[in-house]
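J.: Curious how this folds, go ahead:
(chains A and B)
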2 protein chains.
Amino acid sequence: MNTYLDCVPCFMRQALEAARNATDDHGLRERILRDVLRMASEMDLSQPPPAMGQAIHRRVRELTGAPDPYRAAKRKYNAMMLAALPELRAMVSEASEPMLTAAALAIAANAIDMGVTADLAEDALLAALRGAPKDLGEGAWAEFRHRADVAQSILYLADNAGEIVADRLLIEELGPDRVTLVVRGAPILNDVTLTEAEELGLTEVVEVIDNGSDSPGTLLDDCSESLRDRFEAADLIIAKGQGNYESLSGAPRPISFLLKIKCPVIAGVVDLPVGTHALLHGG
Amino acid sequence: MNTYLDCVPCFMRQALEAARNATDDHGLRERILRDVLRMASEMDLSQPPPAMGQAIHRRVRELTGAPDPYRAAKRKYNAMMLAALPELRAMVSEASEPMLTAAALAIAANAIDMGVTADLAEDALLAALRGAPKDLGEGAWAEFRHRADVAQSILYLADNAGEIVADRLLIEELGPDRVTLVVRGAPILNDVTLTEAEELGLTEVVEVIDNGSDSPGTLLDDCSESLRDRFEAADLIIAKGQGNYESLSGAPRPISFLLKIKCPVIAGVVDLPVGTHALLHGG
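T.: Here you go, the predicted structure:
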């Protein structure tokens, strides 16, 4: 999808939050904001929103010299979710349909998104997980089950650190042997990279590859050739979060999007209210 | 006060809303937003926020060719408030302290602000007026009464159309003979100008002058020399709304600010929660 005019003020807010997260230097924060304003004045709106996010966070990293400003935040949310993992695992194993509960938790954990909410409190996160809606639409869930039943290879495009702990439960239900987990190619916002995947031991559970890109989505032209080959070859692609939806909603491949609807622009595009836990199918 | 970094994303939102209000042409809206982004990238943050607002809305008017994009909105809110006037007048006349109730209504009517809320519904406005807090702080109110009791000349700096109908009640309580009502010098947002003051018959009740400026505040350097003379000579200045507070909070003159606190930046500056109906004294 294109970048909407409504995305622009929201990106300016995100840029300011990113500047504050990366440096205490007021002058540097101002310079970042001015640079981002000028970049935004010239941006290509035919690109999906993650292209703008990529440009903003690259500039923040360049100007602050901080290679991974969200490193501490990523650790925090990973630790938070690891502490919750036994409870989440019990919710899945005790459910009448474990894969549905795992999918519902994977969507609920998508609430961890520092592009939208700068600081999500642990109790709010736990409440979101415990109250995760299990109704993802009867038809949509049947389609997901069918796709998952017949797929021999599944490409699982991750989104955020922390969230990835819930993704692990869904990957376990799908059967890790046929799944490849895809993480971002370099630090971008609080999105998960190989560093976090390794810290969490995910590389011992499932094949993990990085996409070669530092965009907070999956901009195929910006990804590595090997990622694009895997994208073309997979029987099923599971894509987490708004950034992946924004960049891949038009791709002619069997993609199932699992995401929380977090902003009015996406809500308008998919015709669902902000806050919806959504399972959408493309391809 | 200076413009804060936090004002910038908010101004970009306001610019987009202003562009949408002024034209249906998507390409023109995009051009306005790009122009405003570039202007913001180079702005002087040592100026008060109304300087940025002035530049944005000038650009909207230039690019759309619409001399007064909020004309219809100003008429709408004037009509809404005129319909409520008998009820408001009864609230004042039946109050144990009529001037306090008139001041409380004048502050409550400051909720009409299209820079903050693009569309305020009539029932929400009426509820805000009927529930207007009468406690403006005992000391702050005593100071206002004292200033009003001794002043021989009062300069009343208006803010928005619609709101001005409630201001009239306070001016009647103060005694119109010693009051001069100041409106904006040219169309800017939904702020009141001579056109609206005349339509409402205010020019028959009180002396009305314009400030010579199209800023959504009172930037003295941008106002007419005669306004500056009146500003220096007045015994008491009553200034309505955030824009006037932002531009005059540091002026060494006896100013009483009546405003609704509408944003986190001002809330932080005055150390009061967003939503507070505030009576603040300067000078």
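
J.: so who does A:Ser226 touch?
T.: A:Ile209, A:Gly212 (CB atoms under 8 Å, 6 or more residues apart in numbering or on different chains). Yep, even glycine has a C-beta here, placed from its N, CA and C like the rest.

J.: Excluding residues flanking it in the chain, which one is nearest the residue in the stretch 101-250 of chain A that chain B sits nearest to?
T.: Here the stretch 101-250 of chain A gets closest to chain B at one residue, A:Ala118, 12.6 Å apart by CB to the nearest CB. Closest residue to A:Ala118 apart from its sequence neighbours, by CB to CB, 6 or more residues apart in numbering or on different chains: A:Glu17 at 5.1 Å.

J.: do the same with A:Leu63
T.: In space, A:Leu63 is closest to A:Ile32, 5.4 Å off (CB to CB, 6+ apart).

J.: pLDDT weak spots in chain A?
T.: Within chain A, not a single segment meets pLDDT under 70.

J.: can you give me the strands in it?
T.: Listed in chain order, the strands of chain A (DSSP state E) span A:154-157, A:179-183, A:207-210, A:236-240, A:255-260, A:277-281.

J.: Out of the ones you listed, which one sits most buried?
T.: Per-stretch averages of neighbours, counted by mean count of other CB atoms under 10 Å in any protein chain shown, single out strand A:236-240 among the strands of chain A, with a mean of 27.

J.: List the strands paired with that one, with their directions.
T.: Strand pairing for strand A:236-240, using DSSP bridges, gives strand A:154-157 (parallel), strand A:255-260 (parallel).

J.: Adding distance to A:Leu194, write those strands out as TSV.
T.: Compiled in TSV, those are given as follows (distance: least, CB to CB, whole Å):
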stretch	distance to A:Leu194
strand A:154-157	14
strand A:255-260	21
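
J.: Next one: A:Ala66 from A:Ala19, what distance?
T.: Remark: distance between A:Ala66 and A:Ala19 (CB to CB, to the nearest Å) = 11 Å.

J.: actually A:Glu87, not the one I typed
T.: Taking CB to CB, one finds A:Glu87 at 36 Å from A:Ala19.

J.: Quick one: the helices in the stretch 101-250 of chain A, in order.
T.: Under the criterion DSSP state H, counting those that start in this stretch, the stretch 101-250 of chain A carries helices at the ranges A:122-130, A:138-150, A:163-174, A:194-199, A:225-233, A:241-248.

J.: looking at the ones you listed, which is buried most?
T.: Mean neighbour count (mean count of other CB under 10 Å) peaks for helix A:241-248 among the helices of the stretch 101-250 of chain A, with a mean of 27.

J.: Contacts made by that helix with the rest, please.
T.: If you take CB under 8 Å, 6+ apart as the criterion, helix A:241-248 is touched by A:1, A:48-50, A:53, A:110, A:113, A:115, A:157, A:159-160, A:163, A:191, A:215-220, A:237, A:239, A:255, A:257-263, A:266, A:280, A:282.

J.: OK, contacts around the nearest residue to A:Asp235 once chain neighbours are set aside?
T.: Leaving aside its chain neighbours, A:Asp235 sits nearest to A:Ala151 (3.8 Å; criterion: CB to CB, 6+ apart). The contact partners of A:Ala151, by CB under 8 Å, 6+ apart, come to A:Arg178, A:Ala234, A:Asp235, A:Leu236.

J.: Whichever of these end up buried, select them in PyMOL.
T.: Typed into PyMOL, the next command selects the buried ones out of the contacts of A:Ala151 (criterion: 16 or more other CB atoms under 10 Å in any protein chain shown):
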select buried, chain A and resi 178+234+236
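
J.: and chain A, what are its domains?
T.: Using automatic domain parsing, the domains assigned to chain A come out as A:7-64, A:71-282.

J.: Nearest approach to B:Arg71 belongs to which of those domains?
T.: Minimum separation from B:Arg71 across those (CB to CB) falls at domain A:7-64, 24.9 Å.

J.: and the closest one, how far from the chain's centre?
T.: On the basis of CA atoms, centre = their mean, to the nearest Å, domain A:7-64 sits 19 Å off its chain's mean C-alpha point.

J.: A:Ile107 is in contact with A:Lys260, correct?
T.: Yes: with contacts counted by CB atoms under 8 Å, A:Lys260 reaches A:Ile107, the gap being 6.0 Å.

J.: shared neighbours of the two, anything?
T.: Common neighbours of A:Lys260 and A:Ile107, using CB under 8 Å, 6+ apart, are A:His277, A:Ala278.

J.: re earlier: among A:Glu87 and A:Ala19, which residue is more densely surrounded?
T.: Of the pair A:Glu87 and A:Ala19, A:Ala19 is the one with more neighbours under other CB atoms under 10 Å in any protein chain shown, namely 26 against 11.

J.: I'd say A:Gln47 and A:Asn2 touch.
T.: Yes: between A:Gln47 and A:Asn2 there is a contact at 7.5 Å, judged by CB under 8 Å.

J.: And the two? Which one has more around it.
T.: For A:Gln47 versus A:Asn2, neighbours defined as other CB under 10 Å are more numerous around A:Gln47 (19 against 13).

J.: how about that one, what does it touch?
T.: Counting by CB under 8 Å, 6+ apart, A:Gln47 touches A:Asn2, A:Thr3, A:Leu219.

J.: Kindly reformat these as a markdown table and extend each row with distance to B:Asp210.
T.: Shown next, in a markdown table, are the contacts of A:Gln47 (distance: CB to CB, whole Å):
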| residue | distance to B:Asp210 |
| --- | --- |
| A:Asn2 | 43 |
| A:Thr3 | 41 |
| A:Leu219 | 52 |
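
J.: Among the residues you listed, which ones lie close to chain B?
T.: When CB under 8 Å from any CB of the partner chain is applied, no member of those is adjacent to chain B.
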